[in-house]
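>>> got a predicted structure plus its sequence, pasted below:
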Amino acid sequence: MPEKRSITICPAAEFPPGERRIIDAGDGRSIGVFNVHGKYYALRNLCPHEGAELCRGLVTGMNAETTEVGEYRWTREGEILRCPWHGWEFDILTGRSVFNPNQVRVATYETTVVESFEVGVDEGGMVTVLV
């Protein structure tokens, strides 16, 4: 297995919660990086259903189970990614599908915030993805 390499995305100060970046990993892979509530997550930009650019889809939440019929509770706002082609939904935090989490998933990648000593980079560090 090849050794993982680090791809620098941008300074953390330039990547606020709720935003995403789509990067080219340089080996044919496109990867979406998301800031969800101040933590960074990276997913392969390829829907396992029909190959759509998954990471260009709507970032949303979902209804949680309740005990009352007709009662709805919205939860996980900003943590669910909906494929732009057919609406398949994936958990940004894990890459697992909402509808079949044990069998359908999208590849995930480790993200880090690395301290940088470059001029002009604030103390927040640089957001990086290991691919």
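Alright, I've got the coordinates.
>>> what ranges do the strands span in this structure?
6-11, 20-24, 30-36, 39-44, 58-64, 73-82, 89-91, 108-114, 126-130 (DSSP state E).
>>> okay if I get those strands as CSV plus mean pLDDT, mean neighbour count and distance to Phe99?
For every residue, glycine as well, the C-beta is placed using N, CA and C. Formatted as CSV, the entries for the strands of the chain read as follows, by pLDDT from 0 to 100; neighbours: other CB atoms under 10 Å; distance: least, CB to CB, whole Å:
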stretch, mean pLDDT, mean neighbour count, distance to Phe99
strand 6-11, 93, 16, 30
strand 20-24, 98, 16, 22
strand 30-36, 98, 21, 20
strand 39-44, 98, 21, 16
strand 58-64, 95, 13, 11
strand 73-82, 96, 16, 11
strand 89-91, 98, 21, 7
strand 108-114, 94, 15, 18
strand 126-130, 91, 20, 26
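>>> quick one: closest of those strands to Asn100.
When these are ranked by distance to Asn100, counting by CB to CB, first place goes to strand 89-91 at 10.5 Å.
>>> which neighbouring elements make contact with the closest one?
Here strand 89-91 is seen to pack against strand 73-82 when contacts are counted using 3 or more CB pairs under 8 Å, 6 or more residues apart in numbering; DSSP states H and E.
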